[in-house]
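This is a predicted model, with the sequence first.
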Amino acid sequence: MLIFWPQRLVVLATPKTATISLEAALESLADVAVLRPPALKHTTARAYRRHLAPYLESAAGGRFRVVAMMRDPADWLGSWYRARRREAEEEDDPGSAPQATPAEAACIASFAAFVEAHLSDDPPAPADVGTQAEFLGDGAGGLAADLVFRYEHFDAFTAFLESELDCELILPRLNASPARDVTLPEPLAQRLRSARRADFALYQSLA
């Protein structure tokens, strides 16, 4: 989460939307950069409204606009899957690391397995990633952020930030995961759309 005081602007760090690259490009310009721990870095829109907004707006004497990115829900899960596979494969010293449970290992065997695990009643840790509707939503089907850009329109997001912050943004490519097969059998894709209808509806609502 990045806070720009003169502009009265808060940029939320929606997971898996190039937040590390944005932080690298903007941290020096931000008045407050919350980069760790993850629970604070990835403060949800509702948590910001409930806990941080009253304090900031009282101190600044004005309202802060909240902006964020949202990714197509299936593509977002694909990014999580690629990251989890990369983490497992890059483990330098498996002998000294905690051993993954069979369920944790099985859930990253393929993207389909990852989505199945994510949709289960008790997802194993690698697939327990929440939803973007929970991160950005107001709990009633709408947005708790003022402005949300689609990840596929990243250029529009950077142009917005350049205009607001009066700067040129050059984003480094950081924390990118290797390409993987992230196609789903159609029945599973339909299950995902049904189970995560709030996410898909929220994404479709973005202009």
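Arrived safely. Please read these numbers as outputs of a predicted model, since none were measured by experiment.

Kindly indicate whether residue 66 is helix, strand or coil.
strand (DSSP: H, G, I helix; E, B strand; the rest coil).

And for residue 193?
Residue 193 ends up helix, using three-state DSSP.

which one is it nearest to, not counting chain neighbours?
Of all residues not flanking residue 193 in the chain, residue 200 sits nearest, at 5.6 Å (C-beta to C-beta, 6 or more residues apart in numbering). Quick note: C-beta positions are derived from backbone N, CA and C, even for glycine.

Look at the one you found and report its pLDDT.
Note on residue 200: pLDDT of 97.

Just give the number of residues close to it.
For residue 200, the count of nearby residues is 18 (other C-beta atoms under 10 Å).

looking at it, it is touching residue 190, isn't it?
No. Using C-beta atoms under 8 Å, residue 200 makes no contact with residue 190, being 11.3 Å away.

going on from the lowest-mean-pLDDT helix or strand in the chain, what's the next piece of helix or strand?
When each helix and strand of the chain is scored by mean pLDDT, DSSP states H and E, helix 102-106 comes last, with a mean of 89. Using DSSP states H and E, the helix or strand that directly follows helix 102-106 along the chain is helix 111-119.

Next, the residues that contact that following helix from outside, please.
The contact list for helix 111-119 (C-beta atoms under 8 Å, 6 or more residues apart in numbering) reads 77-78, 80-81, 84, 103, 106-108, 123-124, 126-129, 180-185, 188, 191-192, 195.

Check which helices and strands the helix or strand just after that helix is in contact with.
Next helix or strand after helix 111-119 toward the C-terminus (DSSP H and E): helix 132-136. Helices and strands touching helix 132-136, by 3 or more C-beta pairs under 8 Å, 6 or more residues apart in numbering; DSSP states H and E, are strand 65-70, helix 197-205.

contact partners of the very next helix or strand once past the shortest one?
Right, strand 65-70. Using DSSP H and E, the helix or strand that follows strand 65-70 in sequence is helix 73-89. For helix 73-89, contacts defined as C-beta under 8 Å, 6+ apart pick out 15-17, 71, 100, 105, 107-108, 111, 114-115, 118, 126-127, 129, 131-132, 151, 175, 177-180, 182, 184, 189, 192, 196, 199-200, 203.
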